[in-house]
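Visitor: Need a 3D model of the following:
(one chain, ligands or ions: 1)
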Amino acid sequence: MSTHLQVRGLTAGYRRSTVLHDVSAEVRPGGWLGIIGPNGSGKSTLLKAVAGVLGHRGEVLVDGRRLAGLSSRERARAVGYAPQIPQLPIGLTVTDYVLLGRTPHLGLLGREGRGDLDVVRSLLERLDLVHYADRALATLSGGERQRAVLARALAQQAGILLLDEPTTGLDVGHAQALLDLVDDLRAELGTTVVTTLHDLTLAAQYAERLLLLDEGRVAGAGPPEEVLTAQALSERYSARVAVLRTADGAPVIAPVRG
Ligand SMILES: Nc1ncnc2c1ncn2[C@@H]1O[C@H](COP(=O)(O)OP(=O)(O)OP(=O)(O)O)[C@@H](O)[C@H]1O
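Guide: Just a heads-up that it's a prediction; the model follows:
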């Protein structure tokens with residue numbers, strides 16, 4: 001199942017201020033869009049609005065249907081969301097927490113079946129969480145907890161996966177394992193992926209296209225090699241960087257001391 005995501009003229013914010021101004025974006029079925037931009041530019045706000053947890057003007061279309069018009073079960077099957085700072089039921093074990101991701105797939109009795117347990121088990125293996133399966137979330141380290149949050153979002157097997165800073169707190173190996181897993185889901189299930197990422201080199205290596213936000217407006221969009229120029233990073237982030245290339249031409253962003 002591959003899902004097409006369109007965001008049209010999205011304006012959103014909080015009680016006192018409008019943060020996003022008329023943002024439009026599109027992700028092809030099975031595509032990966034990386035949202036980048038400096039602190040406070042509106043990346044998380046955009047994901048919240050697309051996830052439907054923050055009111056907005058404009059439209060979010062999933063396969064041409066307004067997300068706001070779907071039932072909550074349909075919406076949970078369409079969009080999975082891992083927020084940057086999730087509210088965690090810290091008394092739950094890792095297994096029970098990740099199983100919550102299966103809720104939109106359970107039958108009338110609400111009982112999980114063998115298939116649900118298999119999905120959870122496989123995610124715990126891929127995210128190196130098997131040893132923690134029976135531990136309460138409260139007892140995990142920051143990176144272990146982050147991996148549990150991502151496992152729950154992945155267990156949902158929604159057509160669109162929204163991940164807000166998924167590699168925060170993860171060491172380089174676990175960060176790569178997570179992004180590889182998301183990429184595999186794209187290949188195996190056709191999952192459409194939107195992530196915010198501060199690590200621009202990782203963003204360039206995994207996302208097909210980038211959307212650069214600055215002060216809540218789109219300041220650039222396109223393939224990573226077009227968006228990530230030293231000039232754009234200097235203008236938008238006030239950063240001194242050298243843009244290097246991997247053997248296959250992907251940009252590597254190296255900060256340079258002044
Ligand atoms: N709940 C809130 N109430 C009021 N203002 C908020 C709220 N959440 C975020 N903001 C403000 O909205 C703006 C955009 O925040 P947002 O979290 O979307 O930025 P971001 O690009 O994800 O930033 P970062 O890179 O620091 O995570 C910021 O100025 C922030 O202070």
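
Visitor: need the contact list for the residue positioned nearest the centre of the chain.
Guide: Nearest residue to the geometric centre of the chain (CA atoms, centre = their mean): residue 163, 1.6 Å. Residues near residue 163 by CB atoms under 8 Å, 6 or more residues apart in numbering: 81, 82, 150, 153, 182, 193, 194, 195, 196. C-beta coordinates here come from the backbone N, C-alpha and C atoms, glycine included.

Visitor: Quick check: of these, which lies closest to residue 119?
Guide: Nearest to residue 119 among the contacts of residue 163 is residue 153, at 12.3 Å by CB to CB.

Visitor: Surely the residue nearest to the centre of the chain is in a strand?
Guide: Yes - counting by DSSP: H, G, I helix; E, B strand; the rest coil, residue 163 is located in a strand.

Visitor: pLDDT wise, what is it at?
Guide: Confidence at residue 163, expressed as pLDDT, is 95.

Visitor: Which residues does it form beta bridges with?
Guide: With beta bridges defined as DSSP bridges, residue 163 has these partners: residue 82, residue 195.

Visitor: Could you identify the longest helix within this protein?
Guide: helix 172-189 (DSSP state H).

Visitor: So for that helix, what gets flagged as buried?
Guide: Under the neighbour-count criterion of 16 or more other CB atoms under 10 Å, helix 172-189 has 174, 175, 177, 178, 179, 181, 182, 185, 186 buried.

Visitor: distance of the second one from residue 217?
Guide: If I follow you right, that is residue 175. From residue 175 across to residue 217, the span is 29 Å (CB to CB, to the nearest Å).

Visitor: got it, and the fourth one?
Guide: Look at residue 178 and residue 217: by CB to CB, they are 30 Å apart.

Visitor: Also the fifth one?
Guide: Separation of residue 179 from residue 217 (CB to CB): 27 Å.

Visitor: Contact distance from the ligand - what residues of the stretch 1-150 of the chain qualify?
Guide: Applying CB under 6 Å from any ligand atom, we find that the stretch 1-150 of the chain lies next to the ligand at 14, 19, 37, 39, 40, 41, 42, 43, 44, 45.

Visitor: change it to 8 Å
Guide: 13-17, 19-20, 37-48, 84 (CB under 8 Å from any ligand atom).

Visitor: Can you get me a residue count around residue 103?
Guide: Neighbourhood size, residue 103 [other CB atoms under 10 Å]: 14.

Visitor: hang on, the earlier thing: can you put the buried residues of helix 172-189 in TSV and add distance to residue 33 and pLDDT?
Guide: Listed next are the buried residues of helix 172-189 as TSV, based on distance: CB to CB, whole Å; pLDDT from 0 to 100:
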residue	distance to residue 33	pLDDT
174	23	90
175	19	91
177	21	89
178	17	90
179	14	93
181	18	89
182	12	91
185	15	87
186	12	90
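
Visitor: Where does pLDDT dip in the chain?
Guide: 1 (pLDDT under 70).

Visitor: all helices for it, in order.
Guide: 43-51, 72-78, 94-99, 114-126, 142-155, 172-189, 200-206, 224-227, 230-237.

Visitor: In terms of secondary structure, what does the third one contact?
Guide: Applying 3 or more CB pairs under 8 Å, 6 or more residues apart in numbering; DSSP states H and E, we find helix 94-99 packed against helix 114-126, helix 142-155.
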